[in-house]
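>>> Using only what follows, build the 3D model:
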Amino acid sequence: MKISEFLATTDVVSELTGSNSADVLAELCRPIAASNGLDSQALVESLLERERMASTGIGDGVAIVGIWLPFSPFAPALGFVKLPPLYWALLFGTLSLYVLLTQSVKMWLLKRAWI
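Okay, here's the model as predicted:
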């Protein structure tokens with residue numbers, strides 16, 4: 001089964017205005033519910049309940065599934081491709097430098113009793 005069999009291009013929302021997860025889910029569910037004869041609010045409530053039961057996030061909503069999907073058996077059906085190793089190296093380097101910089105600035109501010 002391909003995702004294109006139940007998700008039309010008109011169901012894809014490219015610009016979201018929601019400020020929290022419930023609002024974003026509502027925006028995403030409206031077109032899908034309308035084209036499939038479903039109750040949009042019931043769909044949102046179901047998704048939120050599923051998230052409360054077993055979150056797919058780490059911390060403040062970084063999806064574990066998002067990292068796994070390009071390597072999963074579902075990748076071809078979703079049109080995903082594996083990112084090149086250079087991407088992961090640059091991501092790791094960027095995050096490492098960010099951690100070092102924020103720790104350095106924090107220690108500098110603590111020494112001066114500014115925080």
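
>>> now the lengthiest helix in the chain: mean pLDDT?
The longest helix of the chain (DSSP state H) is helix 85-111. Mean pLDDT, computed over helix 85-111, is 94.

>>> Give the burial count for Lys106, as a bare number.
11 (other CB atoms under 10 Å). (C-beta placed from N, C-alpha, C; glycine too.)

>>> Neighbours of the residue lying closest to it once chain neighbours are set aside, how many?
Leaving aside its chain neighbours, Lys106 sits nearest to Ile115 (7.4 Å; criterion: CB to CB, 6 or more residues apart in numbering). Close neighbours of Ile115, defined as other CB under 10 Å, add up to 8.

>>> hang on, Ile115 packs against Trp108?
No - applying CB atoms under 8 Å as the test, Ile115 and Trp108 come out as separate, 9.8 Å apart.

>>> Leu16 touches Glu27, doesn't it?
Yes - Leu16 lies in contact with Glu27 (CB under 8 Å); the separation is 5.3 Å.

>>> Which of those two has more residues huddled nearby?
Taking neighbours as other CB under 10 Å, Leu16 and Glu27 compare with Glu27 leading, 16 against 12.

>>> and that one, how far is that from Asn20?
11 Å (CB to CB, to the nearest Å).

>>> same thing with Ser96?
30 Å.

>>> ditto for Val105
Relative to Asn20, Val105 is positioned 29 Å away (CB to CB).

>>> ok, now Ala34?
22 Å.

>>> So if I had to pick from the two, which one is more boxed in?
With neighbours defined as other CB under 10 Å, Ala34 and Asn20 compare such that Ala34 has more, 12 against 9.

>>> How about the contacts made by the more buried one?
Counting by CB atoms under 8 Å, 6 or more residues apart in numbering, Ala34 touches Ser40.

>>> looking just at contacts, which helices and strands does the longest helix of the chain meet?
If contacts are counted by 3 or more CB pairs under 8 Å, 6 or more residues apart in numbering; DSSP states H and E, helix 85-111 sits against no helix or strand.

>>> Can you get me the centre-to-centre distance for that helix and its chain?
22 Å (CA atoms, centre = their mean, to the nearest Å).
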